[in-house]
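>>> For reference, the sequence and a predicted model appear below.
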Amino acid sequence: GTFGNTSYSFDAFYRTDPGQRPNNDIEERNLSLSLKQQITPQDSVFAQVGWLTLDGGDLAQRYDPRTASPDFRSREDQEASLALGYHHEWQPGVHTLLLAGRFPDRISFTDPNSQTWAFDPLVSLANPISLIEQYHATLTAYFVEAQQLLSLVPRHDTILGVRYQNGSLHVNSAQIVSGNQPELFPAPGQPALLQDLSLRIERLGAYVYHRWEIVDHLWLQGGLTYDWIELPENFLFAPLSSVEQTKDQISPKAGVVWSPLKDTTLRAAYTRSLSGASFEQSLRLEPAQVAGFTQAYRDVVPETAAGGPTPGAPFETFGASLEQRFKTGTYLGISGELINSAFDRTVGGYAYDFDPNTFLYSLHGPANASQRLDYTEKSLVFTANQLVARDWSFGARYRVTQSRLAQQWNAVENPFLALANAPTVVDS
């Protein structure tokens, strides 16, 4: 609602769904309150506070439902996340935006059949083993972003900005030996490893975007961003690692929007980007699209295929579309997109030692291994929409996607061991 110079919105959402297979249930509770105050004709402020609780079983999308976990349970809480914004108009076409806030996130899960890895030095292979895993992580992060909008010259628009994020992450992980006791591990019910880590996540970014209508109905878009991120090399795949790693990337952006005819529009775009460490990609002023194509993703590689999130992953996108409007109020469209992402990540496991004199194995202990992921996704989308009278519209959308993920073990870091596993390829 609106009264005077104040606008407000209160949203409450509740969802419960038993799912489509055993242990596929979800219960979600979401509350948010938004306020906007017009202070002067040129100044306004914004505030939003939210709460989220999410309980569920195995919610991952799976190509084969038989691979779902029957006992996995998780819970996520976000209590009093806060976002504050400020807008000032210096003159027509010149605007300054500020966004700052705090987002807390607490997530925990229990998996009686968690998969980890055993690294065999004799045959140089990574073999899957099963342990009981209990994982608890608490993230408290702060962010601030400043953006300048300039539209002083006809046919030209410019966006400049800088953002900074800093967060503390506390992780408690327990891996307990299950009834399927791996060789040389403690007795069932005993902990294989207990970890309590205090970690830090930091990100700095700067960007500039420009749009130019070079001739009537032909817009060219370009951009350049720089991202620097520091995060733990492995805070997801137990055994965990507190070793800090730094990633940075300069990312070009390009797009074109052309309407050669009154009712015909062609769009194309290319972008490079660097994903974040958590869900901070969801809180930003920086444009999330170029020429109407999405360039901001929390995760590009499906978590089901990769075994979990892939923080700090570089990726690039290509997109092209054709849209046609008819005098009957019918809108038809066809678009294609290509996403590529290739990177190395660190995965935890357990290393064995082999004594060539006695021909006996011994358990060395927790170890980290490097793994190469190469992901490609191709998609084609058809859309049809029909306006009916003044207040109604109907639409249909069909999407076909082909994806391919190749995973290759590189080497165990400590003790060093080059791994000879054949590449694992998942097509869908």
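Everything's here; your move.

>>> In the stretch 201-350 of the chain, where is pLDDT below threshold?
Flagging of the stretch 201-350 of the chain using pLDDT under 70 yields the residue ranges 279-280.

>>> What segments of it are strands?
Per DSSP state E, counting those that start in this stretch, the stretch 201-350 of the chain carries strands over the ranges 218-234, 241-261, 264-274, 289-290, 293-294, 314-325, 330-355.

>>> Columns distance to His88 and mean neighbour count on top of those, output as TSV?
C-beta: built from backbone N, CA, C; applies to glycine. Below are the strands of the stretch 201-350 of the chain laid out as TSV (distance: least, C-beta to C-beta, whole Å; neighbours: other C-beta atoms under 10 Å):
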stretch	distance to His88	mean neighbour count
strand 218-234	23	18
strand 241-261	26	15
strand 264-274	29	20
strand 289-290	25	20
strand 293-294	29	18
strand 314-325	33	18
strand 330-355	37	17
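
>>> nearest to Leu122, of the ones you listed?
Closest to Leu122 of those is strand 330-355 (C-beta to C-beta; 4.7 Å).

>>> which helices and strands does the closest one pack with?
The criterion is 3 or more C-beta pairs under 8 Å, 6 or more residues apart in numbering; DSSP states H and E, and the helices and strands that strand 330-355 contacts are strand 94-120, strand 218-234, strand 241-261, strand 314-325, strand 360-388, strand 392-412.

>>> Need the ones you listed in JSON lines (columns: distance to Val177).
Formatted as JSON lines, the helices and strands packed on strand 330-355 follow (distance: least, C-beta to C-beta, whole Å):
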{"stretch": "strand 94-120", "distance to Val177": "11"}
{"stretch": "strand 218-234", "distance to Val177": "21"}
{"stretch": "strand 241-261", "distance to Val177": "21"}
{"stretch": "strand 314-325", "distance to Val177": "37"}
{"stretch": "strand 360-388", "distance to Val177": "12"}
{"stretch": "strand 392-412", "distance to Val177": "21"}
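
>>> wait, which of the ones you listed is closest to Phe185?
strand 360-388 (6.8 Å).

>>> list the buried ones in the closest one?
Within strand 360-388, the residues that count as buried by 16 or more other C-beta atoms under 10 Å are 361, 363-364, 366-371, 373-375, 377, 383.

>>> can you check stretch 291-298 too?
Going by neighbour count (16+ other C-beta under 10 Å), the buried part of stretch 291-298 is Ala291, Gly292, Phe293, Gln295, Ala296, Tyr297.

>>> The second one touches Arg267, doesn't it?
What it means is Gly292. Yes. The criterion here is C-beta atoms under 8 Å, and Gly292 meets it with Arg267 at 5.4 Å.

>>> Need the overlap of contacts for the two.
Listed as contacting both Gly292 and Arg267 by C-beta atoms under 8 Å, 6 or more residues apart in numbering are Val257, Ser321.

>>> Quickly find the element holding the residue nearest to Gln195 when sequence neighbours are not counted.
In space, and not counting its chain neighbours, Gln195 is closest to Ser173: 4.6 Å by C-beta to C-beta, 6 or more residues apart in numbering. Element membership for Ser173 (DSSP states H and E) is strand 156-176.

>>> Give me the helices and strands touching that strand, please.
Strand 156-176 packs on strand 125-150, strand 191-215, going by 3+ C-beta pairs under 8 Å, 6+ apart.

>>> so which of those is the most packed in?
strand 125-150 (a mean of 18; mean count of other C-beta atoms under 10 Å).

>>> what's the angle between it and strand 94-120?
Here strand 125-150 runs at an angle of 180 degrees relative to strand 94-120 (axes from the mean of the first three to the mean of the last three C-alpha atoms, to 10 degrees).

>>> Could you export the helices and strands packed on strand 156-176 to CSV, including columns for distance to Val49?
Shown next, in CSV, are these (distance: least, C-beta to C-beta, whole Å):
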stretch, distance to Val49
strand 125-150, 15
strand 191-215, 22
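
>>> Of all the ones you listed, which one comes closest to Ile229?
Of all these, strand 191-215 comes closest under C-beta to C-beta, at 4.6 Å.

>>> Any idea how far the closest one is from the middle of the chain?
10 Å (C-alpha atoms, centre = their mean, to the nearest Å).

>>> for stretch 395-414, same thing?
14 Å.

>>> and that stretch, which residues are buried?
Ser403, Leu405, Gln407, Gln408, Trp409, Val412, Glu413.

>>> now stretch 46-64
By 16+ other C-beta under 10 Å, the buried positions in stretch 46-64 come out as Phe46, Gln48, Val49, Gly50, Leu52, Leu54, Gly56, Gly57, Asp58, Leu59, Ala60, Arg62.

>>> How about the fourth one, nearest residue that isn't a chain neighbour?
Setting aside the residues directly before and after it, Gly50 is nearest to Ser32 in space (C-beta to C-beta, 6+ apart), at 4.0 Å.

>>> And the one you found, which helix or strand is it part of?
Counting by DSSP H and E, the element that carries Ser32 is strand 26-40.

>>> What pairs with the next helix or strand after that strand, parallel or antiparallel?
Downstream of strand 26-40, the next assigned helix or strand under DSSP H and E is strand 43-56. Using DSSP bridges, the strands paired with strand 43-56 are strand 26-40 (antiparallel), strand 73-91 (antiparallel).

>>> who touches Leu283 in this structure?
Ala83, Leu99, Gly101, Phe103, Phe143.

>>> Report the two of those residues separated the most.
So, these by C-beta to C-beta: farthest apart are Leu99 and Phe103, at 12.0 Å.

>>> list residues touching both of those two?
Between them, Leu99 and Phe103 share the contacting residues Phe143, Leu283, judged by C-beta under 8 Å, 6+ apart.

>>> tally of neighbours for Thr40?
9 (other C-beta atoms under 10 Å).

>>> how close does it get to Gln48?
21 Å (C-beta to C-beta, to the nearest Å).
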